[in-house]
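Undergrad: following is a predicted model, sequence given first.
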Amino acid sequence: MKSARAASAGLYIHVPFCTSVCPYCDFAVTIAGEERRAAWAEGVVREAAMYSEYGLVFDTVYLGGGTPSAIKPVRLAHILSGIRGRLEVDADAEIFVEANPEDVSRESVAAWRDLGVGFISLGVQSFDDRELRFLGRAHSAAEAQAAVETLLAGGFDTVSVDLIYGLAGQTAEQWRLQLERAAALGVDHLSCYQLTYHRGTVFGRRLDRGQLAELAEPEQAEMFFLTHRVLADAGFEAYEVSNFAAAPEHRSRHNQKYWNHTPYLGVGPSAHSFAKGRRWWNRRKLRLWQSAVDSERPPIGGEEELSPEQSALEALMLGLRTTDGVDLREIGDNYGIDLHADNAETIDRFCRSGHLRVEEGHLRPTLAGLAIADTLARSFVL
């Protein structure tokens, strides 16, 4: 049985504002002034109040976006105070903030620390100026490094850096140098994502017109395995497909809730929520979301009830993306499914092929298994 602490929910607050929209970005973001930002901040608190009777207790609060670091700290303080007055948030809840290098200064760091921020994730994306221009980022490589150093001196519990690989023309050697540079800075956590070309984005349209080309699958695989090898050599533990921690205490406690099927509540445009087998998501457009909360209506854009089989499949898919893997007894207790007995032949086949292993009551992917986690999950019968 999970402890009360482990069962505590996570709260996600979507900040939909950016100073500019990156060509690869598929998130719900907009460029707007102070008036709309002020209305959004009030709306987030009103939306949170709609869930005060759900009985959820939160031990993590994650400000994502968008660009949370572009919001004035006094406004963030107002939001956090308002939410604490309406939801049950632990006094020592861990607060996460996403930031961009151009927003980092000694003054902003001090303000974030005053807010109680413990985990800060910096959207560096690259330490190469040519790649940064390609990605449409507003900072230089030198500014990114300076921002990391300022954060490391700021007293945060965990400083994380986001990087993107698989850019057009990027070689494995160039990516290796990026990883080594990031690790050498002494950060506590790294998130490394392969560039994805989403429909409707600038990059997606360029791809459709033949102006960009995705890396071939063999090159994608090479960079994936290179990422894990280089960071393992640098002392980072891979605990999820794209996430690496310098020590267990630097894992993202909030993100692990998504992967562990722990309840979470999302407020703000496009935010997703999950509790008691039900998933719902908010309206994506800021105007539509704002109109709903201003009318005291939940700004829900859609929802679904998950059957036990659907919930089990989702838990399997999420679990196989982590190095902790899937707790076989927990799958049985939660969903009434004997995963091991029902899929003995499949499990044996993937164990013999070097993609899975069964140990300590868990079904765990190897590194080769992490590389094809979704394929593994789809091979099971539930």
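TA: Thanks, I have the structure now.
Undergrad: show me where the stretch 251-382 of the chain has its helices.
TA: Using DSSP state H, counting those that start in this stretch, the helices of the stretch 251-382 of the chain run over 253-260, 286-294, 308-319, 328-335, 339-342, 344-352, 367-371, 373-378.
Undergrad: and for the stretch 101-250 of the chain?
TA: Using DSSP H, counting those that start in this stretch, the helices of the stretch 101-250 of the chain run over 106-114, 129-135, 141-152, 172-184, 202-208, 217-233.
Undergrad: avg pLDDT for the longest one?
TA: The reference is to helix 217-233. Mean pLDDT, helix 217-233: 95.
Undergrad: so which other helices or strands are in contact with it?
TA: helix 172-184, strand 189-194, strand 237-240, helix 367-371 (3 or more Cβ pairs under 8 Å, 6 or more residues apart in numbering; DSSP states H and E). Where C-beta positions appear, they are placed from N, C-alpha and C, glycine not excepted.
Undergrad: show me what contacts residue 94?
TA: 59-61, 118-119, 157, 253-254 (Cβ atoms under 8 Å, 6 or more residues apart in numbering).
Undergrad: what about it, helix or strand, and which?
TA: For residue 94, the element it lies in under DSSP states H and E is strand 88-99.
Undergrad: work out the gap between that strand and the centre of the chain.
TA: Relative to its chain's centre, strand 88-99 lies at 15 Å (Cα atoms, centre = their mean, to the nearest Å).
Undergrad: from residue 186, how far off is the residue nearest the centre of the chain?
TA: The residue lying closest to the centre of the chain (Cα atoms, centre = their mean) is residue 255, at 5.8 Å. Distance of residue 255 to residue 186, computed by Cβ to Cβ, to the nearest Å: 22 Å.
Undergrad: kindly report the same for residue 364.
TA: According to Cβ to Cβ, residue 364 and residue 186 sit 29 Å apart.
Undergrad: neighbour count for these two, which is higher?
TA: Using other Cβ atoms under 10 Å as the criterion, residue 364 and residue 186 rank with residue 364 on top: 18 against 11.
Undergrad: OK, contacts around the nearest residue to that one once chain neighbours are set aside?
TA: Nearest residue to residue 364, sequence neighbours excluded (Cβ to Cβ, 6 or more residues apart in numbering): residue 325, at 3.3 Å. Neighbouring residues of residue 325 by Cβ under 8 Å, 6+ apart: 319, 362-365.
Undergrad: and these, which is closest to residue 224?
TA: Closest approach between those and residue 224, by Cβ to Cβ: residue 365, at 13.0 Å.
Undergrad: list the buried residues for the strand holding residue 94?
TA: Within strand 88-99, the residues that qualify as buried are 89, 93-99, counting by 16 or more other Cβ atoms under 10 Å.
Undergrad: partner strands of it, with direction?
TA: Counting by DSSP bridges, the strands paired with strand 88-99 are strand 57-65 (parallel), strand 117-125 (parallel).
Undergrad: and those: which comes nearest residue 23?
TA: Closest approach to residue 23 among the strands paired with strand 88-99 (Cβ to Cβ): strand 117-125, 11.8 Å.
Undergrad: thinking again about what came up before, what's the average pLDDT for the strand holding residue 94?
TA: Here the average pLDDT along strand 88-99 is 97.
Undergrad: got the CA positions of that strand in PDB?
TA: Listed next in PDB are the C-alpha coordinates belonging to strand 88-99 (Å, rounded to 0.1, in the frame of the first residue of the first chain):
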ATOM      1  CA  GLU A  88      -5.200  21.700   0.600                       C
ATOM      2  CA  VAL A  89      -1.600  22.300  -0.300                       C
ATOM      3  CA  ASP A  90       1.100  20.900   2.100                       C
ATOM      4  CA  ALA A  91       3.000  23.600   3.900                       C
ATOM      5  CA  ASP A  92       6.200  22.000   2.600                       C
ATOM      6  CA  ALA A  93       4.900  21.200  -0.900                       C
ATOM      7  CA  GLU A  94       7.700  21.200  -3.500                       C
ATOM      8  CA  ILE A  95       7.300  24.000  -6.000                       C
ATOM      9  CA  PHE A  96       8.600  23.700  -9.500                       C
ATOM     10  CA  VAL A  97       9.100  26.500 -12.000                       C
ATOM     11  CA  GLU A  98      10.100  26.400 -15.700                       C
ATOM     12  CA  ALA A  99      12.400  29.300 -16.700                       C
END
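Undergrad: quick check: angle from that strand to helix 106-114?
TA: 160 degrees (axes from the mean of the first three to the mean of the last three Cα atoms, to 10 degrees).
Undergrad: can you offset everything so residue one is 726?
TA: I'll keep to 726 as the first residue from here, and by that count the last item is strand 813-824.
Undergrad: quick one: strand 813-824 to helix 866-877, angle?
TA: Using the same axes, to 10 degrees: strand 813-824 against helix 866-877 is 150 degrees.
Undergrad: report the residue ranges of every domain in this protein.
TA: For the chain, automatic domain parsing gives the domain ranges 729-984, 1033-1103.
Undergrad: nothing else from me, thank you.
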